[in-house]
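Engineer: sequence? don't have it. structure:
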């Protein structure tokens, strides 16, 4: 009933006029959800609950510092803080509307050890362009990779700052990252290149969304996912695909390659340093047995 009510308000445009705050429960933790000119609306219906289970598997292995590249409006931040309220969180987000919302979300919930930086991550430090595919100011499909969805119309372009990690490291201590989450709508390769020196520590577990290539003709996406695989193999990582049904975590399937497919339910991956594979798989087995 609550979901239907808010969706009705959005449909008739009320959410663009009125700001309000509601409350949700994530993993038995309560959070205030501000909705500001519709920004944050998606947090009212928290998606991907399987991520909470995944974090419960990973954080006992490494919980020193969580880096979120593509923080958007805090979907991952809330899940993370529901599992470990004290963990250090650093979010990167180049969209000013999202940054404004993240700051409000952090403040109203009094979230501790949270830093949000208004920049994107790439392998070059430069002025980039964020391509929006829908009118929402917090469009979660916006991408810095112009060729990623050539079939889609770009409704707006914003200039944004993109930074290489080496440039940021002068002011940020990112030599050790426990978990690196990447959700950047096609820009995964540039982020991984930027973080490659960190990955060599063999400590960082990576959570990444890699959208499908769909067909063998999509050479742009295929070449990029092949380059991602080569980079991770060079740094001695093992790949797992998140298997889920109805947003419930079912399995973590160890894979040797990301094949060409068209299944949007097979886009989330966990990349684990080989030295941590035994602990990771043991934690997962224990989690399954506890259910």
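Structural biologist: That came through fine. Predicted model, so just to flag it, every value in this text is computed and none were measured.

Engineer: ok, now how distant is the closest residue in space to residue 208 that isn't next to it in sequence from residue 94?
Structural biologist: Using CB to CB, 6 or more residues apart in numbering and skipping the chain neighbours, the partner closest in space to residue 208 is residue 182 (4.3 Å). Using the backbone N, CA and C atoms, a C-beta is placed for each residue, glycine as well. Between residue 182 and residue 94 the distance, using CB to CB, to the nearest Å, works out to 14 Å.

Engineer: ok, back up a step: the residue nearest to residue 208: how many residues sit nearby?
Structural biologist: The number of residues packed around residue 182, counting by other CB atoms under 10 Å, is 24.

Engineer: How much space separates it from residue 72?
Structural biologist: With distances taken as CB to CB, residue 182 is found 12 Å from residue 72.

Engineer: residues touching residue 209, list them.
Structural biologist: Residues touching residue 209, when contacts are defined by CB atoms under 8 Å, 6 or more residues apart in numbering, comprise 182-183, 188, 267-269.

Engineer: List the contacts of the longest helix along the chain.
Structural biologist: Ordering each helix of the chain by length in residues (DSSP state H) puts helix 219-234 first. If you take CB under 8 Å, 6+ apart as the criterion, helix 219-234 is touched by 147-148, 186, 188-189, 192-193, 196, 199, 206, 210-214, 216, 239, 257-258, 260, 271.

Engineer: Repeat that for stretch 10-29.
Structural biologist: Applying CB under 8 Å, 6+ apart, the set of residues contacting stretch 10-29 from outside is 6, 9, 30-38, 41, 43-44, 46, 52, 78-79, 81-83, 85, 108.

Engineer: Check stretch 173-180 too.
Structural biologist: Residues from elsewhere that reach stretch 173-180 (CB under 8 Å, 6+ apart): 58-59, 62-67, 69, 90, 165, 168-169, 195, 198, 201, 203-207.

Engineer: Just to be sure, residue 55 is in a helix?
Structural biologist: Yes: with DSSP: H, G, I helix; E, B strand; the rest coil as the criterion, residue 55 is assigned to a helix.

Engineer: nearest residue to it other than its sequence neighbours?
Structural biologist: If you skip the residues right next to it in sequence, residue 55 has residue 83 as its closest partner in space, 4.7 Å away by CB to CB, 6+ apart.

Engineer: roughly how far apart are that neighbour and residue 241?
Structural biologist: Separation of residue 83 from residue 241 (CB to CB) stands at 22 Å.

Engineer: just the helices in this structure please.
Structural biologist: With DSSP H as the criterion, the chain has helices at 2-11, 50-58, 75-83, 96-108, 165-168, 188-194, 196-199, 219-234, 277-290.

Engineer: tell me the contacts of residue 83?
Structural biologist: In this structure, residue 83 makes contact with 27, 52, 55-56, 59, judged by CB under 8 Å, 6+ apart.

Engineer: which two in those residues are spaced the farthest apart?
Structural biologist: 27 and 59 (12.0 Å; CB to CB).

Engineer: Emit the ChimeraX select command for whichever of the contacts of helix 219-234 are buried.
Structural biologist: Here is the ChimeraX command that picks out the buried ones among the contacts of helix 219-234, judged by 16 or more other CB atoms under 10 Å:
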select :148,186,188,189,192,193,199,206,210,211,212,213,239,258,271
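
Engineer: Inside strands: which ones of the contacts of helix 219-234?
Structural biologist: Residues from the contacts of helix 219-234 lying in strands, with DSSP state E as the criterion: 206, 239, 271.

Engineer: what's the burial count for residue 153?
Structural biologist: Applying other CB under 10 Å, we find 7 residues neighbouring residue 153.

Engineer: Spatially central residue for this protein, please.
Structural biologist: Relative to the mean C-alpha position of the chain, the nearest C-alpha, by CA atoms, centre = their mean, is the one of residue 183, at 3.6 Å.

Engineer: Without its sequence neighbours, what residue ends up closest to it?
Structural biologist: residue 70 (4.1 Å).

Engineer: Please report the distance of that neighbour from residue 277.
Structural biologist: According to CB to CB, residue 70 and residue 277 sit 26 Å apart.

Engineer: So between these two, which is more surrounded?
Structural biologist: When neighbours are counted by other CB under 10 Å, residue 70 and residue 277 differ, and residue 70 comes out ahead with 26 against 14.
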